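Q: Got a sequence here, can you build the structure:
(one chain, ligands or ions: 1)
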Amino acid sequence: MSSGAHSNNSNGNGNSLKLYYHPMSFYSQRVLMALYEKRVPFKSQVVSLFNKEQYKPWFLRLNPRGEVPVLTDGVKVIPDSVRIVEYLEDNFSNGQFGQLTPREKGSEESKKIQAFRECFEGLPVGAMTYGTAGNPHLWDNPKFPFTPALFKQMAEMARIRHIMIRGHADKNPEFQETLLEKASAAEHGDQNLNKTAEEMEEVIKKFDLALGRVEEELATHTGEHADWWLCGELFSIADIDLSILLNRLYVLGHESRFWAEGKRPHLQAYWDRIQQRVSFKRSTHISLGGVQLARLHQAFKEHSGVLASVMVALGLAAVSYAVYRRVNKS
Ligand SMILES: N[C@@H](CCC(=O)N[C@@H](CS)C(=O)NCC(=O)O)C(=O)O
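A: Below is the predicted model of the structure:
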């Protein structure tokens with residue numbers, strides 16, 4: 001169980017919850033989806049990762065690792081998406097709130113959920129995200145906001161990440177030890193996000209293996225189980241992890257590599273279903289000044305031929321009008 005046993009500070013109705021997050025953060029999206037699924041009310045504050053707000057002293061006091069998400073419940077501070085989701089499940093699961101784990105703890109379904117969660121937790125999502133950014137041959141079909149410009153910026157960030165974290169360690173002596181540990185993992189350890197093409201092959205293999213397991217499981221849901229989620233009838237924590245994972249792969253542009261175009265039909269059907277879910281839409285929606293921008297970008301991609309013709313036509317009309325006026329004047 002997480003640190004979150006029910007305490008005097010938690011009134012169990014969600015009024016005291018506040019989530020510190022970033023809308024593009026994979027781990028934040030997981031927590032958002034759990035909150036929306038469970039219908040737990042909460043306040044929130046965006047921590048701007050682009051402006052390195054996660055290394056400001058006020059935030060390091062909440063999480064010395066300088067990472068979102070962090071949930072506060074009164075005076076209690078809970079970092080880490082896995083712990084936060086468990087905290088929510090432990091404290092907000094009765095009556096009005098949704099349930100994301102089966103009531104029967106030792107059941108087959110419970111064991112399956114746990115096994116899939118561990119499998120997803122072991123996937124190097126940061127390496128996949130930043131490694132894709134740093135390897136243009138993997139830019140198959142990225143979606144907004146992952147434009148080539150952003151990918152280039154991210155690749156550069158991955159290259160100098162350890163130097164940047166060491167800089168913050170120097171500026172924050174109180175949190176130096178944790179930040180120096182993090183910097184060294186970012187330089188040599190499993191947190192090094194600067195990946196070569198060969199290393200990316202290994203990363204991709206890990207995802208492929210995990211999604212192969214998912215496809216096998218989904219394929220067993222036939223007949224009266226046709227409408228089951230990943231581990232059973234219940235939409236569980238494992239489904240939240242899987243939804244957010246598929247979304248990340250989709251936005252990075254990897255759907256054809258892992259499931260689309262007939263590759264994994266059961267996973268494709270699952271993905272189609274997930275995209276309809278309100279909690280999914282709300283937790284993965286990027287509103288950095290908006291969906292409008294995203295739509296414009298998509299429209300431009302889809303209709304760039306038409307848009308180009310319209311612009312040429314408008315240009316020709318303007319020139320003709322100018323010539324017409326000159327001729328009329330003379
Ligand atoms: N194990 C943590 C990972 C959290 C994490 O890596 N968050 C990323 C964003 S997705 C972050 O805040 N990165 C900022 C940084 O490391 O500077 C969790 O599950 O919440």
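Q: give the contact list for W229.
A: Residues counted as contacts of W229 (CB atoms under 8 Å, 6 or more residues apart in numbering) are 235-236, 239. Placement of C-beta: from N, CA and C, glycine included.
Q: Could you pick out the buried ones from these?
A: In those, burial by neighbour count holds for 235-236, 239, counting by 16 or more other CB atoms under 10 Å.
Q: overlap between those residues and the residues near the ligand?
A: By CB under 6 Å from any ligand atom, no member of those lies near the ligand.
Q: quick one: which of the residues you listed sit in helices?
A: Residues of the buried ones among the contacts of W229 located in helices (DSSP state H): D239.
Q: Rebuild the buried ones among the contacts of W229 as TSV, extending it with distance to V251.
A: Shown next, in TSV, are the buried ones among the contacts of W229 (distance: CB to CB, whole Å):
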residue	distance to V251
F235	22
S236	23
D239	18
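Q: And the buried ones among the contacts of W229, which is closest to H22?
A: Using CB to CB, D239 comes nearest to H22 of the buried ones among the contacts of W229, at 22.5 Å.
Q: What distance do you get for that closest one to the ligand?
A: For D239, the distance to the ligand equals 17 Å [CB to the nearest ligand atom, to the nearest Å].
Q: Surely that residue and L230 touch.
A: Yes. Assessed by CB atoms under 8 Å, D239 is found in contact with L230 at 5.2 Å.
Q: picking that back up, pipe the buried ones among the contacts of W229 into JSON lines and attach pLDDT per row.
A: As requested, the buried ones among the contacts of W229 are exported to JSON lines (pLDDT from 0 to 100):
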{"residue": "F235", "pLDDT": "98"}
{"residue": "S236", "pLDDT": "98"}
{"residue": "D239", "pLDDT": "98"}
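Q: Return the closest of the buried ones among the contacts of W229 with respect to L49.
A: Once CB to CB is applied, the member of the buried ones among the contacts of W229 that ends up nearest L49 is D239, at 26.1 Å.
Q: show me what contacts that closest one?
A: Applying CB under 8 Å, 6+ apart to D239 gives the contacts 229-231, 274.
Q: Close to the ligand: what parts of the protein are there?
A: Residues of the chain lying close to the ligand (CB under 6 Å from any ligand atom) are 25-27, 49, 54, 66-69, 80-82.
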